[in-house]
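Visitor: Got a predicted structure here, sequence first:
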Amino acid sequence: MSEIKVNSIKGVGASAAAITVNNTDGTCAANITSINGGQLSGRKNLITNGEMIICQRAGTTSTAVTNTSAYVLDRFLVSTADGGGTSLNVQQLHGNPTGAPYGFAASMKMTVAVTDDGGADSFNSVQTRIENLDTNYLAFGTSQAKTVTLSFYVKSSLTGTFGGSLVSGDFSRGNVFQYTISSADTWEKKTITISGDTTSTADSVYNRGSATSNRGLVLYFDLGSGSNAEKSAANSWSATGTWSYGHRIAGNVKLCANAGADWGITGIQLEEGSVATDFEHRSFAQELALCQRYFFRYKNDAGDHGHFVNATSYGSTDQRAGTFHFPTTMRTSPSFSHSGTGNFALLGLGSSISSISIADVGTSTSGCGLRVITGDTLTNGQSTNLRANNTANAHFDFDSEL
């Protein structure tokens, strides 16, 4: 067996060794830097659900978003607002290569059902909001602001130059980027390098050091907004000013102006550095837990009498209360909503539910107390079970989105 014995390995012209060897025990020390100036290990992708594999609210069912803003796939807020009148059908798709490019599990697809009215105040976009605790290390708003690189796969029935933007957490500063789709109905990878915002700003702009976890950055993809959302030039940071939440340049393609047009995206990665590295695939379980920090749906998949919470009668005999625990710590104490009361029943009382709400003990980031009001009576101190009323539609929603 041949071997090489060295004290160190040093690059030609380098002043320091890249690798030094301990002559006693044979161990070594290495001076390692990443190829793009970014993180060497840990979670590099700032985007949650960039592979579009989590869709707690809708599954693969197409959902209409009409003149409003709504989450369909987790962590991505679709807007057809401000009087534009647009209606988009939003859906999670699977299958290669139609539903997603090879190497990816899913994508998010938008199809224009009702076209935009073309008004200046039209606001058609998809956005994802990134928590300040995850963006602080980028030092945006200081002289030490780091460059980031955005990469994604996109497919559309339309070709041409589209717009998007990276915006500060308080929406006061932004940088518009552009990308070009060359071939219709074909998955194409896009890479965009965005310089960090070095303009000195108050901590509140990027929510650095915030006592509560607020927005740090917001990533937009424009789907055809009006002139109020346009900036005069791309690739520079500036105050939003009259362009408000601007995320396009005049002349960019307006998807929502074309009935039946579609646009799909997946593999979204935003990372430190000036080079796009391979997409960071996380396990389904990891991605689900990351999404559940912001939204958690507890549902009855089986379509039978699935259990939701044990409840004990107290005080007035029409009130029951129980404790509910979240699968992961949520960003803030969440709001609570549920499917229709007819979807639920109390064991022994049938479908006599009047309302379900957060109980007096309130809610935290870890769990909450729930109160169930019924029209029937139950002996004080007696326990029962809140369960699905023989339907898969029963669900609880806990929401702490940014």
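Guide: That came through, no problem.

Visitor: show me where the stretch 201-350 of the chain has helices.
Guide: Ranges of helices in the stretch 201-350 of the chain, per DSSP state H, counting those that start in this stretch, are 203-206, 284-292.

Visitor: tell me what the last one is packed against?
Guide: Read that as helix 284-292. Helix 284-292 makes packing contacts with no helix or strand when contacts are defined by 3 or more Cβ pairs under 8 Å, 6 or more residues apart in numbering; DSSP states H and E. C-beta here means a position set from N, CA and C on the backbone, and glycine is covered the same way.

Visitor: And that helix, what's buried?
Guide: For helix 284-292, the neighbour count (16 or more other Cβ atoms under 10 Å) marks 287-292 as buried.

Visitor: cool, and stretch 373-380?
Guide: Under 16+ other Cβ under 10 Å, the buried positions of stretch 373-380 are 374, 378.

Visitor: what comes into contact with it?
Guide: Contact with stretch 373-380 is made by 313-315, 317-320, 346, 348-350, 352-357, 384, as judged by Cβ atoms under 8 Å, 6 or more residues apart in numbering.

Visitor: What subset of these is buried?
Guide: Listed as buried from the contacts of stretch 373-380 are 313, 319-320, 346, 349, 352-353, 356, 384; burial here means 16+ other Cβ under 10 Å.

Visitor: mind putting those in TSV, distance to residue 276 and pLDDT included?
Guide: Conversion of the buried ones among the contacts of stretch 373-380 to TSV gives the following (distance: Cβ to Cβ, whole Å; pLDDT from 0 to 100):
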residue	distance to residue 276	pLDDT
313	59	86
319	56	85
320	54	86
346	54	87
349	58	73
352	57	80
353	51	90
356	46	92
384	55	86
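
Visitor: Among the residues you listed, which pair sits farthest apart?
Guide: Maximum pairwise distance in these, criterion Cβ to Cβ, is 14.9 Å, between 313 and 356.

Visitor: ok so, going back, from the buried ones among the contacts of stretch 373-380, which land in strands?
Guide: 313, 319-320, 346, 353, 356, 384 (DSSP state E).

Visitor: where does the nearest residue in space to residue 227 that is not next to it in sequence fall, helix, sheet strand or coil?
Guide: Leaving aside its chain neighbours, residue 227 sits nearest to residue 120 (4.6 Å; criterion: Cβ to Cβ, 6 or more residues apart in numbering). At residue 120, secondary structure determined by DSSP: H, G, I helix; E, B strand; the rest coil is coil.

Visitor: who's in contact with residue 120?
Guide: With contacts defined as Cβ under 8 Å, 6+ apart, residue 120 is in contact with 226-228.

Visitor: What about those, which one has the most neighbours?
Guide: For the contacts of residue 120, the largest number of neighbours (other Cβ atoms under 10 Å) sits with residue 226, at 20 neighbours.

Visitor: Just give the number of residues close to the residue lying closest to that residue once chain neighbours are set aside.
Guide: Once its chain neighbours are removed from consideration, residue 226 has its nearest residue in residue 122; the separation is 3.7 Å (Cβ to Cβ, 6+ apart). Residues within reach of residue 122, counting by other Cβ under 10 Å, total 25.

Visitor: With residue 249 instead?
Guide: By other Cβ under 10 Å, the residues close to residue 249 number 20.

Visitor: If it is in a bridge, with which residues?
Guide: Residues in a beta bridge with residue 249, per DSSP bridges, are residue 231.

Visitor: Report the separation between it and residue 389.
Guide: With distances taken as Cβ to Cβ, to the nearest Å, residue 249 is found 52 Å from residue 389.

Visitor: Any regions of the chain where pLDDT drops low?
Guide: Scanning the chain with the threshold set as pLDDT under 70 gives 1-2, 16, 18, 21-22, 24-42, 211, 241-246, 315-316, 350-351, 361.

Visitor: Walk me through the domains of the chain.
Guide: Each domain of the chain is listed here as a residue range: 1-32, 63-292, 297-399, per automatic domain parsing.

Visitor: Return the most buried member of these.
Guide: A comparison of the domains of the chain by mean neighbour count, using mean count of other Cβ atoms under 10 Å, puts domain 63-292 on top with a mean of 19.

Visitor: end-to-end on that domain?
Guide: Domain 63-292 has an end-to-end distance of 20 Å (Cα to Cα, to the nearest Å).

Visitor: Off-centre distance for that domain?
Guide: Domain 63-292 sits 10 Å away from the centroid of its parent chain (Cα atoms, centre = their mean, to the nearest Å).

Visitor: Also stretch 58-75?
Guide: Computed by Cα atoms, centre = their mean, the separation of stretch 58-75 from the middle of its chain amounts to 13 Å.

Visitor: what does that stretch rub up against?
Guide: Here stretch 58-75 makes contact (Cβ under 8 Å, 6+ apart) with 47-49, 52, 54-57, 77-81, 83-94, 108, 111, 113-114, 128-129, 291, 294-295, 401.

Visitor: try it again with 6 Å
Guide: Residues lying outside stretch 58-75 but in contact with it, judged by Cβ atoms under 6 Å, 6 or more residues apart in numbering, are 48-49, 52, 54-56, 77-81, 85, 87-92, 108, 128, 291.

Visitor: Over to stretch 270-287?
Guide: For stretch 270-287, using Cβ under 6 Å, 6+ apart, the contacting residues are 36-39, 44-47, 49, 53-54, 146-151, 191, 193, 267, 269.

Visitor: now the strands for the stretch 301-402 of the chain?
Guide: Shown for the stretch 301-402 of the chain, the strands assigned by DSSP state E, counting those that start in this stretch span residues 307-313, 319-325, 335-338, 344-346, 353-363, 367-374, 383-388, 395-399.

Visitor: Many thanks, have a good one.
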